[in-house]
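Chemist: Give me a model of this one.
(one chain, ligands or ions: 1)
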Amino acid sequence: RGKRAFIAGVADDNGYGWAIAQALAAAGAEILVGTWVPALNIFETSLRRGKFDESRKLPDGSLMEITKVYPLDAVFDSPDDVPDDVKANKRYAGSSNWTVKEVAETVKNDFGTIDILVHSLANGPEVKSPLLETSRKGYLAAVSASSYSFISLLQHFLPIMNPGGSTISLTYIASERTIPGYGGGMSSAKAALESDTRVLAYEAGRRGKIRVNTISAGPLGSRAAKAIGFIEKIIEYSYVNAPLQKELLAEEVGNTAAFLASPLASAITGSTIYVDNGLNTMGLAL
Ligand code: NAI
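Modeler: The predicted structure is shown next:
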């Protein structure tokens, strides 16, 4: 039987989530995705109208199939957590069962089990503010959407993950080195995500023989990154200063995720794996 993957955080064909889906599909996995509720409509419409067909091409010439798209808002664990204004919001009211608990239940009802869980989502409402000017609310929102969301997904999906399964999240070097501009508590959120990767690797490893790793990716001009504002500058900086002076392709992160999800990586867990053309190793580039 082929493996089944649930990838949370796909809403277009530009980001790391899409590239990971492509690489897993190319390796023969069945693809389920979780799409942020406010982005669901446009994503499904674009898919249906063939807007992503070029990006769906797999190496063998076939097109990636997404078996099912689940609406998801990973800042809510169960319906009790959803405030009234969100419930009343048109876009949310038009979908159902999008809290983490409900999505896991729906996947269980639809397919029984999964083998691979990918967390490719982040959100920091105050990302443009320096940490020193970040509000408590903004900081906690960044950690809720970008770090706790992984704990919640793992908590709810672990019971339906087959032993030997693998989970992967995406992180950024701002967790360990200062990157001015990556504010609003996003650097803190990534530090939490990396620390949690180690602790959850222990807990999920002992409990369900599940591996937990995170990919520290170099810069990519995704929708989320463009919202931060200075992504082009960071891409240029990386190109100039990294050991490998080449563009970083989302596909290279996708391929690493496929490796990490495969038996080739059966002894790798709790790790932060850099896929950044080596930039993290530099002190001073000349
Ligand atoms: P992206 O825009 O493709 O992915 C972010 C996704 O998160 C979007 O689809 C968005 O709809 C979704 N999302 C936001 N809040 C959500 C919520 N509450 N519930 C469910 N989904 C939600 O952008 P990208 O850059 O590919 O991001 C994927 C991951 O890669 C993130 O964790 C990001 O921090 C990480 N990363 C990105 C880098 C970059 O330069 N683009 C560098 C290193 C890490």
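
Chemist: Next, count neighbours for the residue of the chain found nearest the ligand.
Modeler: For the chain, the residue closest to the ligand is Gly15, as judged by CB to the nearest ligand atom, at 1.8 Å. All C-beta spots, glycine's among them, are computed from the backbone N, C-alpha and C. Residues near Gly15, counting by other CB atoms under 10 Å, number 23.

Chemist: which residues does the nearest residue to it once chain neighbours are set aside contact?
Modeler: Nearest residue to Gly15, sequence neighbours excluded (CB to CB, 6 or more residues apart in numbering): Ser222, at 4.0 Å. With contact set as CB atoms under 8 Å, 6 or more residues apart in numbering, Ser222 has these partners: Asn14, Gly15, Tyr16, Ala250.

Chemist: Show residues contacting the longest helix along the chain.
Modeler: In the chain, with assignment by DSSP state H, the single longest helix is helix 186-208. Residues outside helix 186-208 that contact it (CB under 8 Å, 6+ apart) are 122, 124, 127, 131, 139, 142-143, 145-147, 150-151, 154, 158, 161, 163, 165, 167, 169, 171-172, 174-176, 178-179, 210-214, 216, 269-272.

Chemist: how far does stretch 107-127 sit from the chain's center?
Modeler: Remark: stretch 107-127 is offset 7 Å from the chain centroid, using CA atoms, centre = their mean, to the nearest Å.

Chemist: Pull out the buried residues from that stretch.
Modeler: Buried residues in stretch 107-127, counted by 16 or more other CB atoms under 10 Å: 107, 114-127.

Chemist: In strands, which of the residues you listed appear?
Modeler: The members of these that map onto strands under DSSP state E are Ile114, Asp115, Ile116, Leu117, Val118, His119.

Chemist: So the fifth one is in contact with Ala257, correct?
Modeler: Yes - applying CB atoms under 8 Å, one finds Val118 in contact with Ala257, separated by 6.6 Å.

Chemist: list residues touching both of the two?
Modeler: Ile20, Leu24, Ile168.

Chemist: The first one - nearest residue in space that isn't next to it in sequence?
Modeler: It refers to Ile20. Ala257 (4.3 Å).

Chemist: do the second one as well
Modeler: Closest residue to Leu24 in three dimensions, ignoring its sequence neighbours and counting by CB to CB, 6+ apart: Ala5, at 4.9 Å.

Chemist: which residues does the one you found bridge with?
Modeler: Judged by DSSP bridges, the bridge partners of Ala5 are Ile31, Ile116.

Chemist: Distance-wise, check it relative to Ile151.
Modeler: Distance of Ala5 to Ile151, computed by CB to CB, to the nearest Å: 19 Å.

Chemist: neighbour-wise, which of these two wins?
Modeler: Neighbours per residue, other CB under 10 Å: of Ala5 and Ile151, the larger number sits with Ala5, 27 against 17.

Chemist: tell me the contacts of that one?
Modeler: By CB under 8 Å, 6+ apart, Ala5 lies in contact with Ala21, Leu24, Ala29, Glu30, Ile31, Leu32, Ile114, Asp115, Ile116, Leu117, Val118, Ala261.

Chemist: Most neighbours of all the contacts of Ser222, which one?
Modeler: In terms of neighbour count, Tyr16 stands highest of those at 26 neighbours, by other CB under 10 Å.
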